[in-house]
Structures are given as structure tokens and as C-alpha cells.
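Asks: the sequence and its predicted three-dimensional model are supplied below.
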Amino acid sequence: MSKANILIVENDLIFSPEIQSSLKNDGYMVVGHTDTGEAAIRLAGDLHPDLVLMDIGLNGEMDGIEAARQIRARFDLPVVFQTAFPDKFPLERACQVEPYGYIVKPYEEHDLFIIMELAVAKYAMDRKLHDTVQRYDLAIRGTNDGLWDWDLQHNEIYYSPGWKAMLGFKEDEIGKSPDEWLNRVHLDDQKRLYQNLGAHLKGKSVRFGCEYRLQVAKGRYVWMLARGLADRDAEGKPYRMAGLQTDISSRKLDEERMTYGTLHDGLTGLPNRELFMDRLSQRVELTKRHPEAAFAVLFMDIDRFKVVNDSLGHAMGDQLLVSLARRLQLCLRPEDTISRLGGDEFAILLQEVNDVSDAIRVAERFQARMKETTVLSAVSRTTSVSIGIVLFDKIYSRPQDILRDADTAMYRAKALGGGCYQVFNIGMHTKAVALLELEADMKRAVANQEWQVYYQPILSMASGEISGVEALVRWIHPNRGMLLPMEFIHEAEDVGLILPIGEFVLRAACLQTKAWHDAGYSDLWVSVNLSGRQFQDLNLVQKVSRILAETGLPSEYLRLEVTETVAMQDLTYSIGVLNELNGLGVQVFLDDFGNGYSSLSYLKRFPLKALKIDQSFIQDIMVNKNSEAITIAIIAMARSLGLEVIAEGVEKDAQNTFLKGLFCDQVQGFLFSEPLPGNELTSFLQKNLEKIKDILPG
């Protein structure tokens, strides 16, 4: 098996056959031989041997050193020199060619073979190393990375051309000092870089890696990622460290955008709840260390924002939110934070205040700004806000408690009619906790049906008989006893529990009235109050129809009471629902009349059975001439519209007599009976009818 292909270039052809014979005997193959440099170069290109055995002294004009130089340069073939003249000068020239061996004639064949074996092996290793370096160089050039190689013993760093180009510098514009790298690192990142480098050099980390900002030629900073690995001696001491530097600006920009998106509101661009709570947490911790540094939190909600969404659409609602957010920002200092928590709710962190008056002045600026006219879809609109204010107190240890109390104060401002601010006090928190407990109790009451329906008689002033009853719900609370509607109905409306409560009352009232009919009181009708949420329920008519069918009560014996405030919220909707109920045969009363709009223009459009005069007017009769005049006007107006009139809240004989003189159709009140459970009202119907007739004026 051939060891290598040899080209022999020898001026002494006498020795050549001997050499060829010896080489062949030892497994080499002589592919060619010549005695001139020119021929040697030509044969090297044609035959491409594994090794050229080159004599320095050749025939012709070119010596072996020049021939070898050209063969090395043009074909990168290994050359072993042989010569009979071991002078110093030819040796120095030969070394410049970087030969793979040098032997002086005469020599032993054994020595020649050793030199040739070593030359072929070394050349093979050089080729592998060359290929590896070339592949590595291609890989580096194929990426955007820059190579650095740190000689730790001499404290010099080789920066590759790619590394320098990343910073916008030419090859000769950056030296070998580590300062060329480290001094360009952003001051905020230097400590982290030094820590990571030190940890790896001390053997505390397997690899070095760090992200940092690096100043480039134009002065701006670019995010870089450096990675590297140290070489260590037998004692584990690092003597060299090499690695790559990568431009990660695009990734950092994407991360910043993503972080911004997760911490800011997508509509207004304001900080969101997460970012606000983080800043509030930091402010609480600062105040713990410096109690004298007070701050305040404001919680703000736009009044009647739902009306904008429902009437103009959500796009206009979004436009209003963006407009108001910009106005709010103009009212604050740069160090303060305004956040959109969601919907139409905003929170404000005032970083420094002297006392609560500073926060109040900001709230007043907000309210003044909100009242500026906003044009939405060609509609000019002014806006008001309700604001809750909390001044930091040492009792607070959690930021969420501060925001909770600001929210509580805001709801107090809304309860006062909106368009104002309220400063939190501990009583508000006590009430808020009580409301939460009430909500939990109501949910249990809905599940357990802890409701009982009471009935108050409504009397005809013409006949003196009980013509109907009003159904009134009571909550039989397991711990607090019986609760009246004023103690829970408003809260039930707020938390969305009024629908199941209202449906329970409607069903119970229809069942009870059907039972009275079956007992012989066949003309008795029942009236049931509808809350605003019930009236807006799109399934209201279907629910009423289903309950009437299930209970067997004829529809003409059911009356539904709606306050004029509720009916006026959406005239088109209200007229449609009232007409549908009228189509079922169900009659409608307008409740609390006189306490709202009281306009003939809409009364003419509503299919109503009767008006119920608000009891505040009835109770002021005989002591307030204005109340008497309003009552007279209401009855006269009802007459002109063909409507019946029911006066509620009658408690005194004088009130009753006054109403009788005005020919009021029907009355109800404690003068005749307080609300009673169904079984007690049945007994009332049986035993006390004559007594009631005696009370009525003859």
C-alpha cells in the first residue's frame, strides 16, 4: 500500500535510481523526477504529488529554493530540501520557503524516510488545521458576530475586523488595549459586565455571558451580547479568554416594545394597573423609610360614561377616553403617574403633597378640565367625573389597600350625585366592608330564597273596597331579621342580583293573587314594582308572559309599576316595552309621579293605566301649600289624559279627606293598613273590610 506520491527534483541523476528504488521498496511511489526547476514547477502542477523532494542545486537557470518557493505559493505542496552543500546562506534562504524538512547529502536512507514521514504527517495536520480555521472564519464572516481574543498574561485583546466594524471603526482605528472595549460600555452596565467577567475568570461560572450597551463611533449606544470561554493552565489559572460579540439591538427593541405593551394601556398609552401598582409599591416603601414624604392617590370614574357608549357607540367612547386622558396628563407634574385601570376608571399617584389640600386642588383641576366641551361624532358633550382621594397614612402597609380606599371614596362621590370629589375616611371603609358582607349575604339569599312578599291594600275611594294590593318584598335575614327594601334593593341593583329577586317577587305575587281569586276575591289585582335593571331586561315581556301562564293568573289582574325616571331613560325603548306589556293585557302604573320629569309630552305617548303620586307630596298636604297645589295639578292632568290616580303614603285623616275632595281614584297607606304577609292579608280581607269603609269619608 503506497505511503505517498513523491516528485524527485535531483541534479545528480546518478543517485536518482538508487533513491527511487529505495523509496519504492519502502512503499512510496515516485510519480516523476527531473533535474531543473522549471520542469519541477510544471510537473508539480500536473501531477500534484504528496511531497516534493527538492535538491537546492539544480541544472538550468533556477535553483531548488526558487522552484520550491513557486511550488509552495502556486500549489501549496510540501517540500523537503536536500543538498550536498550545507552552507549557512542557502539554509537561511530555504527557511523562508517554509519547507517541511532539510537533509544534507550523503545521508542514510533511514534518515530520509523519517524526514519524509514527518513531512507528510505534518502537512496532513496543517491541512486539517487550515480547513478548520477556514471553516471557522467562514462561520464568523457568515454571522454578524465580532471575534475577540484576550491574552490575559500580556493584557492585550485581539479584536477581529468584524468586531471593529460593528462599532463603526476601521481596522487601524482600534488598538489592542482592553480599554477599547471596556471604556465604551455604558456606565449603568459596567458593574454588571465586570461582575460577570470576574465570576468566570474565578471559575464561578462555566461560561462568560453579558448583555450591555456599547458606545459606537457615532456616539450612540448599541445593545451587545458578549459570550466567551477561558483557557486555564494545569493549576486552573486562566491565561487566555476568547469569545464573540453580537449586536442584539433588534431583540432589545422588540423586548422594550413588548414590555411597554404589557405595562401600558393600548388605547390611551397610559400606564396600566400593573405598572401603577408597581410605582405605588415603590412609593409606599419610600415613605416607610422617610415618613415625612407624604403622597396621595386619586381614583377617578367618568360619570354616565355608559350613556356615551350606548348612544354614540364604543368608538366614540374610546375617543372620549383618549381625549380625557390627554387633558388629565396636562394637570400633572412629570413625576406624577396617571393610569387607566380599565373601562372609564383612572388612578393618579401624586408623588409629593404637603397635605390633603394639595390633592384636592389637583382634583378640582381635573374637574375643571373635564367640563371642557368635547365633540364626539358632531355631538358636543361636557363630561363630569367622580373622584376619591386618599392621603397616605402609616396605617397602610399594602398598596392595594390604598387603591381600595380611594375607590371607596370615589363611590361615595358618585352616591352624592357625581361631579364631585370625596376624601376617604375610615367610616367609608366600614360601610364598604358592610356592603361586601351584604352582597355575600344576598347571593346566599338568592340561592336559599330568603325572601317573603308582603302586600299593602289599595282602596277605591268611590266604593271603599279593596280593589288591589301592592306586592312589597322583605328579606328574612337569618341573623338580622326582616329587612325592608330600602336596606338592600339599591345594592341588589348594583351587584346584578335584582333580576332573580324581582322574578321571585313577580311569581310569588301572581301565585298569591291566583289563590285569592280561587278563594272568592275574583276582582282583586296585584301591582309589582319593576326596577331599572328589570325594565331594561330584553326578556322582560317573555318572563312576564311565562309567569302568568305558569301561575294561571289572568293578565288583566297584574299591574306593573315603573318610575318615571326609569321610563324616561330611553323613550323609544320604553314605549316599545310598554306597548308589548299592554298587548299581553298587563296594565302599567307610573310610580313616584311628580318627583321626576312630569311632562305631558311623554305621558301622551305611554300606554298607562294610572299615575301614583309620590308620597312626599301626600305627606306634606295640609302643611305645605306647594304640595297641595302640585297634587291638585297632577290629578287634573291625569283626568285630562284619561288616567287613574293612586295616592300612596296616606297616613292621616286630613290627607284622606283632602284627596276625597279632589276625587282621587284610589289610596294606600298606613291609615288603612301596613304591608302584610299573604295569610294575614287574607284574614284582613275577611274581617276588616267594614272597618275600612267606616274610615273613608261618606
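Replies: Here it is on my side, so go on. Residues are numbered from 1 along each chain as shown.

Asks: tell me the contacts of the residue positioned nearest the centre of the chain?
Replies: The structure's the chain has its C-alpha centroid closest to Thr262; by Cα atoms, centre = their mean the separation is 4.8 Å. Residues counted as contacts of Thr262 (Cβ atoms under 8 Å, 6 or more residues apart in numbering) are Glu274. Bear in mind the C-beta positions are built from the backbone N, C-alpha and C, glycine included.

Asks: so for the helix or strand encompassing it, mean pLDDT?
Replies: Thr262 belongs to helix 249-263 when assigned by DSSP states H and E. The average of the pLDDT scores along helix 249-263 is 81.

Asks: the nearest residue to Tyr107 once chain neighbours are set aside bridge partners, please.
Replies: By the measure of Cβ to Cβ, 6 or more residues apart in numbering, the closest residue to Tyr107 outside its immediate chain neighbours is Gln82, 7.5 Å from it. Taking DSSP bridges as the rule, Gln82 bridges to Asp55, Ile103.

Asks: i'd like the first residue to be 14 from this point on
Replies: Noted, 14 is the first residue going forward, which turns the last one into Gln95.

Asks: measure how buried Gln95 is and give me the count.
Replies: 25 (other Cβ atoms under 10 Å).

Asks: ok, it touching Pro112?
Replies: No. Here Gln95 does not reach Pro112: they are 10.3 Å apart, not a contact under Cβ atoms under 8 Å.

Asks: Phe602: what's it in contact with?
Replies: 540, 572-575, 621-625, 659.

Asks: please redo it, this time with the cut-off set to 7 Å
Replies: Counting by Cβ atoms under 7 Å, 6 or more residues apart in numbering, Phe602 makes contact with 540, 572, 574, 622-623, 625, 659.

Asks: and it, what are its phi and psi?
Replies: Phi and psi for Phe602, reported as degrees, to the nearest 10, are phi -100, psi 140.

Asks: tell me what it is bridged to.
Replies: Going by DSSP bridges, Phe602 forms beta bridges with Glu574, Ala623.

Asks: okay, it: pLDDT?
Replies: For Phe602, pLDDT reads 91.

Asks: how close does it sit to Glu693?
Replies: Counting by Cβ to Cβ, to the nearest Å, the gap from Phe602 to Glu693 is 24 Å.

Asks: what is the burial count for Leu684?
Replies: Using other Cβ under 10 Å, Leu684 has 18 other residues around it.

Asks: what strand or helix carries it?
Replies: Leu684 belongs to no helix or strand, assigned by DSSP H and E.

Asks: now do the contacts for it.
Replies: Contacts of Leu684 (Cβ under 7 Å, 6+ apart): 663-665, 669, 708.

Asks: what does the strand or helix carrying Ile21 contact?
Replies: In the assignment (DSSP H and E), Ile21 maps to strand 18-22. For strand 18-22, contacts defined as Cβ under 7 Å, 6+ apart pick out 29, 32-33, 36, 41-47, 53, 56-57, 60, 62-68, 71, 77, 80.

Asks: buried subset of those as a PyMOL selection?
Replies: The following PyMOL line selects those of these that are buried, judged by 16 or more other Cβ atoms under 10 Å:
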select buried, resi 29+32+33+36+41+43+44+45+46+47+53+56+57+62+63+64+65+66+67+68+71+77+80
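
Asks: poorly predicted segments of the chain, please.
Replies: Counting by pLDDT under 70, the chain shows low-confidence ranges at 14-15, 25-29, 99-102, 146-157, 324, 386-394, 608-614, 701-711.

Asks: just the helices in the stretch 164-313 of the chain please.
Replies: Assigned by DSSP state H, counting those that start in this stretch, the stretch 164-313 of the chain shows helices spanning 174-179, 192-195, 200-214, 262-276, 286-302.

Asks: and the longest one, C-alpha only, in PDB?
Replies: Pointing back at helix 286-302 there. What follows is helix 286-302 as a C-alpha-only set of coordinates in PDB (Å, rounded to 0.1, in the frame of the first residue of the first chain):
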ATOM      1  CA  ARG A 286     -52.800  48.800  36.500                       C
ATOM      2  CA  GLU A 287     -49.700  46.600  36.800                       C
ATOM      3  CA  LEU A 288     -47.300  49.500  36.200                       C
ATOM      4  CA  PHE A 289     -49.300  51.800  38.500                       C
ATOM      5  CA  MET A 290     -49.300  49.300  41.300                       C
ATOM      6  CA  ASP A 291     -45.500  48.800  40.900                       C
ATOM      7  CA  ARG A 292     -44.900  52.600  41.200                       C
ATOM      8  CA  LEU A 293     -47.300  52.800  44.100                       C
ATOM      9  CA  SER A 294     -45.500  49.900  45.900                       C
ATOM     10  CA  GLN A 295     -42.200  51.700  45.400                       C
ATOM     11  CA  ARG A 296     -43.700  54.900  46.800                       C
ATOM     12  CA  VAL A 297     -45.100  53.100  49.900                       C
ATOM     13  CA  GLU A 298     -41.600  51.600  50.600                       C
ATOM     14  CA  LEU A 299     -40.000  55.100  50.300                       C
ATOM     15  CA  THR A 300     -42.500  56.600  52.700                       C
ATOM     16  CA  LYS A 301     -41.800  53.800  55.200                       C
ATOM     17  CA  ARG A 302     -38.100  55.000  55.200                       C
END
